[in-house]
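**Q** Return a 3D structure for these sequence lines:
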Amino acid sequence: MAIIDVIVKLTNWFWSWPILIALVGGGIIIGVRIRWIQITKFPFIAKQTFGKMFSSDVGGEGSVSPFAAASAALASSIGAANIVVAPSIIFVAGPGAIFWMWVVAIIGSGTKFAEIILGIKYRGKNSDGEYIGGPAYTFKNGIGGSLGKVMGFLVSFFFMIEILPSITLQTISAAGPLENLGFSRLVSAIVIAVLVVLVAYGGIKRIASVTEKMVPIMAGIYIFMGLIIIIMNIGQLPGALALIFKSAFSPQAIAGGTAGGAFLAMVKAGAARGCYSNEAGMGSAPYAHATAITDHPARQGMWGVFEVVADTLIVCTISVLLVLVTGQHNNPENIDVAVERAFNSTFGQVGTAVIALCLFLFVLSTIIVIVFYAEKQGEYLFGTFVGKVVRFIACAMVILGGFVSFKNAGVFLDFTLGLVVFVNMVGMIMLSGQLTEITDDFFKNPKYYPGAKEK
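**A** This is a model prediction of the structure:
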């Protein structure tokens with residue numbers, strides 16, 4: 001128990017100042033390097049992403065379409081955290097933390113853009129002829145030398161040992177809705193494992209093909225039903241938004257202790273929950289995006305902005321507004337089921353069924369993609385054969401979810417994930433000088449960006 005206590009304290013400290021500085025400070029440095037295109041060029045980015053989700057008009061080299069790659073990355077980030085974890089910050093740090101989650105998400109969308117463009121720049125092919133890339137390859141080839149190899153090894157190794165047990169935890173979460181339908185957890189885990197194997201063993205093309213259909217449907221159902229609840233409680237919406245903005249700048253109203261301490265608690269909670277939700281700064285997305293067909297790294301990078309907007313600024317925002325407009329934030333005992341209570345209070349058992357379906361699909365899609373991520377870490381560290389062995393182990397971790405509870409595993413996962421984020425952000429800052437060149441090559445070239453001036 002003493003060791004667990006030490007890890008808990010170390011993890012809490014690591015996810016406060018070190019990660020806050022890395023995510024926000026590093027994100028600001030990156031924002032300056034890319035000239036804040038996630039804000040200044042957002043209308044164009046929206047047209048190139050939201051406006052072309054189902055377009056087949058792509059050029060360049062790669063294995064899957066730009067949207068398919070983005071869907072795979074988005075399937076990993078849109079999960080139970082969007083329904084359970086994001087609203088929980090209202091109870092933990094107050095409604096004002098939502099505002100800071102938005103701010104960090106806007107900063108983080110630039111970080112994700114940067115991760116992807118460097119992932120495309122330094123991608124390559126494995127012995128099976130498949131496109132591969134990600135932070136490990138970026139640091140090894142971009143930073144170079146012994147330091148680049150060490151950082152590539154560390155970010156890949158930490159990510160792999162974080163992914164494998166997290167697959168079991170995700171399986172336990174996905175099994176919940178099936179258990180409510182009368183299936184035992186073991187049977188639920190087997191059903192999930194079969195579905196995961198059928199998709200994951202088809203490689204990135206099958207994964208992308210499934211997720212590009214699955215993500216719009218599952219997100220669409222949740223967004224549509226959530227908006228209905230918000231519209232039905234529209235009279236409470238102005239007050240909910242006012243509470244978020246007022247609390248964001250008057251922390252003493254929502255927390256004990258000093259105002260400064262409460263303010264920092266809000267910002268840290270917003271940053272941490274945002275990272276957990278949209279994975280900006282984690283470096284996971286480039287493993288999927290490195291497979292995309294694209295004519296320029298910056299064009300694919302815009303899908304990173306799309307992912308953060310869809311994940312945090314849309315889905316997470318709907319979740320927190322549901323909690324606020326239905327008054328569930330006044331019931332702290334419902335911290336883990338606040339959104340479910342909001343759905344249930346509006347639609348009764350139908351609402352409960354919808355949330356169960358969304359949770360199952362959200363978590364299932366996450367498991368499918370992180371099995372792929374686990375394989376790619378094994379492949380980078382030890383070669384393609386070991387990567388396939390790791391894929392098998394990852395699928396076996398799904399079955400394990402039918403037997404174990406993994407008590408205290410969350411603390412270990414938080415710690416290892418923090419190491420991934422820290423190493424990744426340090427590497428991104430070291431390579432940030434390249435971001436301006438790549439960004440300008442796109443946005444100052446009329447071949448790619450219509451608003452550019454002819455030289």
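
**Q** give me every residue that touches Lys125.
**A** When contacts are counted by CB atoms under 8 Å, 6 or more residues apart in numbering, Lys125 touches 131-132. For the C-beta atoms, the positions are set from N, CA and C on the backbone; glycine is no exception.

**Q** Please report the distance of it from Thr40.
**A** 35 Å (CB to CB, to the nearest Å).

**Q** Asn141 now?
**A** From Asn141 to Thr40 the distance is 30 Å (CB to CB).

**Q** Which one's more surrounded, these two?
**A** More crowded of Asn141 and Thr40, by other CB atoms under 10 Å: Asn141, with 17 against 12.

**Q** In this structure that one contacts Gly148, no?
**A** Yes. The criterion here is CB atoms under 8 Å, and Asn141 meets it with Gly148 at 7.1 Å.

**Q** okay, and for the stretch 251-400 of the chain, where does confidence drop off?
**A** Within the stretch 251-400 of the chain, the stretches with pLDDT under 70 are 251-262.

**Q** my guess is Trp303 meets Ala70, correct?
**A** Yes. At 3.9 Å, Trp303 and Ala70 qualify as touching, with contact defined as CB under 8 Å.

**Q** Common neighbours of those two, please.
**A** Common neighbours of Trp303 and Ala70 (CB under 8 Å, 6+ apart) are 49, 289, 292.

**Q** Among these, the buried ones, what's the PyMOL command?
**A** In PyMOL, this line selects whichever of the shared contacts of Trp303 and Ala70 come out buried by 16 or more other CB atoms under 10 Å:
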select buried, resi 49+289+292
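
**Q** And the shared contacts of Trp303 and Ala70, which is closest to Ser209?
**A** Closest approach between the shared contacts of Trp303 and Ala70 and Ser209, by CB to CB: Ala292, at 13.5 Å.

**Q** From Ala136, how far out is the closest one?
**A** 18 Å.

**Q** ok, now Gly152?
**A** For Gly152, the distance to Ala136 - CB to CB - is 4 Å.

**Q** More neighbours: these two, which one.
**A** Each of Gly152 and Ala136 has its neighbours counted (other CB under 10 Å); Ala136 has more, 32 against 24.

**Q** Which helix or strand contains that one?
**A** Using DSSP states H and E, Ala136 falls within helix 135-138.

**Q** Please point out which parts of the next helix or strand along the chain from that helix sit buried.
**A** Per DSSP H and E, helix 135-138 leads on to helix 145-180 as the next helix or strand towards the C-terminus. Under the neighbour-count criterion of 16+ other CB under 10 Å, helix 145-180 has 148, 151-175, 177-178 buried.

**Q** Give me the distance from helix 145-180 to the chain's centre.
**A** 13 Å (CA atoms, centre = their mean, to the nearest Å).

**Q** so the helix or strand following that helix versus helix 145-180, what angle?
**A** The helix or strand immediately downstream of helix 145-180 is helix 185-200, counting by DSSP H and E. Interaxial angle, helix 185-200 versus helix 145-180 (axes from the mean of the first three to the mean of the last three CA atoms, to 10 degrees): 130 degrees.

**Q** Counting by contacts, list what the next helix or strand after helix 185-200 packs against.
**A** Next helix or strand after helix 185-200 toward the C-terminus (DSSP H and E): helix 203-232. Where contact means 3 or more CB pairs under 8 Å, 6 or more residues apart in numbering; DSSP states H and E, helix 203-232 is packed against helix 66-77, helix 185-200, helix 317-325, helix 338-347, helix 349-382.

**Q** packing partners for the shortest one?
**A** Identification of packing neighbours for helix 317-325 by 3+ CB pairs under 8 Å, 6+ apart yields helix 86-93, helix 96-121, helix 203-232, helix 237-248, helix 338-347.

**Q** got a list of contacts for it?
**A** 82-83, 86-87, 89-90, 95, 98, 102, 222-223, 226-227, 229-230, 233-234, 236-237, 240, 243-244, 328-329, 338-339, 342-343.

**Q** wait, Lys388 sits on Ala374?
**A** No. Using CB under 8 Å, Lys388 is not in contact with Ala374; the gap is 11.0 Å.

**Q** Who has more neighbours out of these two?
**A** Ala374 (26 against 15).

**Q** Tell me who's in contact with the more buried one.
**A** By CB under 8 Å, 6+ apart, Ala374 lies in contact with 160, 163-164, 167, 390-391, 393-394.

**Q** Adding distance to Val8, write those out as JSON lines.
**A** Below are those laid out as JSON lines (distance: CB to CB, whole Å):
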{"residue": "Met160", "distance to Val8": "23"}
{"residue": "Ile163", "distance to Val8": "21"}
{"residue": "Leu164", "distance to Val8": "21"}
{"residue": "Ile167", "distance to Val8": "22"}
{"residue": "Val390", "distance to Val8": "28"}
{"residue": "Arg391", "distance to Val8": "32"}
{"residue": "Ile393", "distance to Val8": "27"}
{"residue": "Ala394", "distance to Val8": "27"}
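
**Q** any idea which of those residues is the one closest to Met266?
**A** Ile163 (29.6 Å).

**Q** tell me the contacts of the closest one?
**A** Neighbouring residues of Ile163 by CB under 8 Å, 6+ apart: 370, 373-374, 377, 394.

**Q** separation between it and Leu413?
**A** In terms of CB to CB, Ile163 sits 9 Å off from Leu413.

**Q** got JSON lines for the helices and strands packed on helix 203-232, with distance to Met266 too?
**A** As requested, these are exported to JSON lines (distance: least, CB to CB, whole Å):
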{"stretch": "helix 66-77", "distance to Met266": "22"}
{"stretch": "helix 185-200", "distance to Met266": "36"}
{"stretch": "helix 317-325", "distance to Met266": "13"}
{"stretch": "helix 338-347", "distance to Met266": "18"}
{"stretch": "helix 349-382", "distance to Met266": "26"}
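
**Q** Could you point out which of these sits nearest Val421?
**A** helix 66-77 (13.7 Å).

**Q** Other residues contacting the next helix or strand after that closest one?
**A** Per DSSP H and E, the first helix or strand lying C-terminal to helix 66-77 is helix 80. Here helix 80 makes contact (CB under 8 Å, 6+ apart) with 170, 173, 359, 362-363, 366.

**Q** And helix 80, how far out from the chain middle?
**A** A distance of 11 Å separates the centroid of the chain from that of helix 80, by CA atoms, centre = their mean.

**Q** could you give the mean pLDDT of it?
**A** For helix 80, mean pLDDT rounds to 77.

**Q** Show me the shaky parts of the stretch 101-250 of the chain.
**A** Using pLDDT under 70, nothing in the stretch 101-250 of the chain is flagged.

**Q** Of all the residues in stretch 443-451, which ones are buried?
**A** 443, 449.

**Q** and His296, what is it in contact with?
**A** If you count contacts by CB under 8 Å, 6+ apart, then His296 has 60, 441-442, 448 around it.
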